[in-house]
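Participant: Return atomic coordinates for the entry below.
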Amino acid sequence: MRRLVAAARLARLAPHVLHGLWIVRTKFGRLAPAQRHAHIQWWSRKTLRILGITLTASGGAPRPAGQLLVANHVSWLDIAAVHAVLPQARFVSKADVKHWPVVGALVSGAGTLFIERASKRDALRVVHQTAEALAAGDCVAVFPEGTTGAGPELLPFHANLLQAAVATGAATLPAVLRWHEPGARFSPAARFIGEMTLAQSLWRIAAARGLGVDVQLLPALPAEGLDRRALGEALRAEISARL
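Facilitator: Next comes the predicted model:
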């Protein structure tokens, strides 16, 4: 039965994904930012609904001025979960994602900044890009763990990208993502870890029963007076306490 449910969900997801790709390639260039954000939020929320994922959001909205959103990282669907709540967020993502079929084009259209994580020079470039975006009033989102984890325990935070908030004086907005399912406070089905492929993860998610994600926005933390490592430790402590 779960295989039939998964197959039905994926059959509905395929045209939705292609529709999103069509919007990005034919409309986004002509739309005002608020219109693009509305499309991103609609597409992200519908993606979650098609996959049978219940979204719960709590916490206040970010202020209009630029903020650096900092979140824990469990699933490749974390971006859709955040965009369902904060469609204006521009993510910093590993460069590999840019080359994923279809997904790469979608996240590029949403204004994602790509980084070669193994290159210190490229990290410096993205810090400058992030600082420019924050100074322009954008909301930029990062996963400082650098990769996905199992959920309950946070991986160490890499503080390099937090330098953008320190340099610009932008506030940082901690966000807590918790994927859950019946009988499991932290969902095994949502985890994207180890040698799991994107296709394998998509099937596990589509076949899951009662999968949900909680997105909680915590009060903003000022970066003033902190270096990037101290800021990373403070953000990690806030997110870990809520998990």
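Participant: So for the residue most central in space within the chain, what's the pLDDT?
Facilitator: The centre of the chain sits closest to residue 79, judged by C-alpha atoms, centre = their mean, with a distance of 2.8 Å. Confidence at residue 79, expressed as pLDDT, is 92.
Participant: now residue 53
Facilitator: 98.
Participant: Look up phi and psi at the residue nearest to it when sequence neighbours are not counted.
Facilitator: Leaving out its chain neighbours, the residue that sits closest to residue 53 by C-beta to C-beta, 6 or more residues apart in numbering is residue 211, at 5.1 Å. For glycine as for every other residue, the C-beta is placed from the backbone atoms N, C-alpha and C. Dihedral angles of residue 211 (phi, psi; degrees, to the nearest 10) stand at phi -70, psi 140.
Participant: In contact with residue 211, which residues are there?
Facilitator: Shown in contact with residue 211 (C-beta atoms under 8 Å, 6 or more residues apart in numbering): 51-54, 179-181, 187, 189-190, 205.
Participant: repeat for residue 112
Facilitator: Here residue 112 is in contact with 90-93, 97-98 (C-beta under 8 Å, 6+ apart).
Participant: for the lengthiest helix in the chain, packing partners?
Facilitator: The residue-count maximum for a helix in the chain (DSSP state H) belongs to helix 2-26. Contacts defined by 3 or more C-beta pairs under 8 Å, 6 or more residues apart in numbering; DSSP states H and E place helix 2-26 against helix 33-50, helix 103-109, helix 198-207.
Participant: outside of the shortest one, which residues touch it?
Facilitator: With C-beta under 8 Å, 6+ apart as the contact definition, helix 103-109 has outside contacts at 17, 20-21, 24-25, 28, 76, 79, 91, 93, 97-98, 198.
Participant: cool, the last one as well?
Facilitator: Residues outside helix 198-207 that contact it (C-beta under 8 Å, 6+ apart) are 2-3, 5-7, 9-10, 13, 51-53, 75-77, 100, 103, 189-190, 192, 211.
Participant: Can you find the helix or strand in the protein with the smallest mean pLDDT?
Facilitator: helix 103-109 (a mean of 77; mean pLDDT, DSSP states H and E).
Participant: Relative to the whole chain's centre, how far out is that helix?
Facilitator: Taking the mean of its C-alpha atoms, helix 103-109 sits 13 Å from the chain's own mean (C-alpha atoms, centre = their mean, to the nearest Å).
Participant: which of the residues in that helix are buried?
Facilitator: 103-107, 109 (16 or more other C-beta atoms under 10 Å).
Participant: Out of the residues you listed, give me the two with the largest separation.
Facilitator: 103 and 109 (10.8 Å; C-beta to C-beta).
Participant: helix, strand or coil for the residue nearest to residue 58 when sequence neighbours are not counted?
Facilitator: Spatially, and ignoring its direct neighbours in sequence, residue 58 is nearest to residue 216 (5.0 Å; C-beta to C-beta, 6+ apart). Under DSSP: H, G, I helix; E, B strand; the rest coil, the three-state class of residue 216 is strand.
Participant: Run a quick neighbour tally on residue 216.
Facilitator: Around residue 216 there are 18 other residues, counting by other C-beta atoms under 10 Å.
Participant: any idea how far it is from residue 90?
Facilitator: 20 Å (C-beta to C-beta, to the nearest Å).
Participant: likewise residue 57?
Facilitator: From residue 57 over to residue 90 (counting by C-beta to C-beta), the distance is 19 Å.
Participant: Tell me which of the two has more neighbours.
Facilitator: Counted by other C-beta under 10 Å, residue 57 and residue 90 do not tie: residue 90 has more neighbours, with 19 against 15.
Participant: For the more buried one, which three-state class applies?
Facilitator: strand.
Participant: What sits closest to it if chain neighbours are left out?
Facilitator: Nearest to residue 90 is residue 111, by C-beta to C-beta, 6+ apart, at 4.3 Å.
Participant: Many thanks, we can stop here.
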